[in-house]
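Asks: I would like the atomic coordinates for the input below:
(4 chains)
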Number of protein chains: 2
Amino acid sequence: MSYTYDYPHPAVTADICIFSIREGRLHVLLIQRLIAPYQGSWAIPGGFIKMDEDLVTGAARELEEETGVSGMPLEQLGAYGRPDRDPRERVITVAFMALVPSDTMILAASTDASDARWFDMDDLPALAFDHDTILADARARLADKVTNRVTETALAAFQFLPQKFTLAQAQAVFETLKGEPLDKRNFRKWIAANWDLEDLKEKTSGGRHRPAALYALKA
Amino acid sequence: MSYTYDYPHPAVTADICIFSIREGRLHVLLIQRLIAPYQGSWAIPGGFIKMDEDLVTGAARELEEETGVSGMPLEQLGAYGRPDRDPRERVITVAFMALVPSDTMILAASTDASDARWFDMDDLPALAFDHDTILADARARLADKVTNRVTETALAAFQFLPQKFTLAQAQAVFETLKGEPLDKRNFRKWIAANWDLEDLKEKTSGGRHRPAALYALKA
DNA sequence: TCAAAAGTGTTCGTTATACACCCATGT
DNA sequence: ACATGGGTGTATAACGAACACTTTTGA
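Replies: Now for the predicted structure:
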């Protein structure tokens, strides 16, 4: 089957930057391309938008197909359409980003990928297409959103914490997402002012040092 | 000539929200559609991206073709791609916005339009497609950008002022762009702090009341 | 007793907002 | 003289950034 038009049409894809924290470091989910172009290169997961689905729906579908994750709020970054960004044909992509917990994800390489892996954002391989640009934009947006206001993205940060967590653990998560160290006292003021934390009146134990108070995010 | 693909491709357009100030009120440039769908309806100018041009280049080209304006910085708003937004076929559009002086523009209806006209933003006709949504997003973005920081968008605001202007004239322009009244003293503090104004040591004359000091934006 | 992490307040600069009266001119 | 728009300063609140020492525990 083929599809014919009176004038040329670009292909349109959705690419999704999936961020997570693994072992205290910001990671991004990449797939290894099975087919040309950039065969064998690593790339942001994504794929072609279907004709009957919305952009964000298509992005969510690709995300679920390639990673098993669903239900995450996807934020649109914008459209990327340099004419030479794909050597095969004109491909315009709409980029999205999401912040997800990595432990609940089942990594399953899709038909277009030979592998799917988490990469440390500070140790990235060469990326296919213009995915380095997209990923850099997404990284900047993530840092912006996470600590400035109370957004869904910031809420997702708590998924990297156990139900009972110490303020030091929370600070480490937000520092990883923001990409820079935060002042301890200012962070504690910020989290107390912006989030509804419950003081569990418990302390950590078994640590080598002074026990820390445990908190939980109130539902 | 026709173009054939192995799987369906959407069409991709760029739509540009062109804002201007006319007679003290915020206007947007719309075209009247010559062809179906929405024949006779008003719409944001825009058109199909060519296969060999970048998105912003295509938007600028459409802008110049339909309005004669060029050299304006276009800001991408994002992609809009609801499957049913165009009844003909799947059309995904990338929206841009610009703020331009309307006096230098030559309105020339293009091949796709029977007319091109400025509309008061408070007196809009029904719009084709999802252009009401796009335009509302653009309006919000414009208000955000204009007074918060010193951006290219804010710089464009001075194009609505004569070279020698009074602070009251400047305030009227920014109020129009922001969509709400501004405090006179706070506005004067803001403009003095954020822009390099030259006090021309001249006064208006011929007015019916107290003359006002004239300023110019230093290059 | 020491090493290591937990915990805790204040100051300062910037920014946004609110608000009321006198001044200079033309008619 | 008066109507009209021009011009001016201060006080408050909120926010972000900087900064150092004491406390508690396990080893």
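Asks: what lies in contact with the lengthiest helix in chain A?
Replies: As assigned by DSSP state H, the longest helix anywhere in chain A is helix A:131-148. Outside helix A:131-148, the residues within contact range by CB atoms under 8 Å, 6 or more residues apart in numbering or on different chains are A:15, A:17, A:19, A:28, A:43-44, A:75, A:77-78, A:80, A:93, A:95, A:97, A:99, A:121, A:124, A:126-127, A:151, A:153-154, A:157, A:174, A:177-180, A:182, A:190. Bear in mind the C-beta positions are built from the backbone N, C-alpha and C, glycine included.
Asks: ok but A:Ala79 is inside a helix, no?
Replies: No - read with DSSP: H, G, I helix; E, B strand; the rest coil, A:Ala79 is strand and lies in no helix.
Asks: list the contacts for A:Phe119?
Replies: By CB under 8 Å, 6+ apart, the contact list for A:Phe119 reads A:His27, A:Val28, A:Leu29, A:Leu30, A:Trp42, A:Pro125.
Asks: which one among those gets closest to DNA strand C?
Replies: A:His27 (23.2 Å; CB to the nearest atom of the strand).
Asks: write the ChimeraX selection for whichever of the contacts of A:Phe119 are buried.
Replies: A single ChimeraX command is used to select the members of those judged buried by 16 or more other CB atoms under 10 Å in any protein chain shown:
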select /A:27,28,29,30,42
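Asks: what's the closest of the contacts of A:Phe119 to A:Glu65?
Replies: Closest to A:Glu65 out of the contacts of A:Phe119 is A:Leu29 (12.8 Å), distances taken as CB to CB.
Asks: give the contact list for the closest one.
Replies: Shown in contact with A:Leu29 (CB under 8 Å, 6+ apart): A:Ile18, A:Ser20, A:Pro45, A:Thr67, A:Ser102, A:Met105, A:Leu107, A:Ala116, A:Arg117, A:Trp118, A:Phe119.
Asks: got phi/psi on A:Glu152?
Replies: Main-chain torsions, A:Glu152, degrees, to the nearest 10: phi -60, psi -40.
Asks: separation between the nearest residue to it once chain neighbours are set aside and chain B?
Replies: In space, and not counting its chain neighbours, A:Glu152 is closest to A:Pro73: 4.8 Å by CB to CB, 6 or more residues apart in numbering or on different chains. When CB to the nearest CB, to the nearest Å is applied, the distance between A:Pro73 and chain B equals 15 Å.
Asks: A:Ile134 too?
Replies: Taken as CB to the nearest CB, the span from A:Ile134 to chain B is 13 Å.
Asks: A:Lys178 now?
Replies: Distance of A:Lys178 to chain B, computed by CB to the nearest CB: 21 Å.
Asks: try A:Met51
Replies: According to CB to the nearest CB, A:Met51 stands 5 Å off from chain B.
Asks: so that residue makes contact with B:Asp86?
Replies: No - using CB atoms under 8 Å, A:Met51 is not in contact with B:Asp86, being 11.7 Å away.
Asks: who are the contact partners of the nearest residue to A:Phe19 once chain neighbours are set aside?
Replies: Computed as CB to CB, 6+ apart, the closest residue to A:Phe19 that is not its neighbour in sequence is A:Leu99, at 4.9 Å. Going by CB under 8 Å, 6+ apart, A:Leu99 touches A:Phe19, A:Ser20, A:Met72, A:Leu142, A:Thr153, A:Ala156, A:Ala157, A:Leu177.
Asks: pLDDT wise, what is A:Leu99 at?
Replies: Predicted confidence (pLDDT) for A:Leu99: 93.
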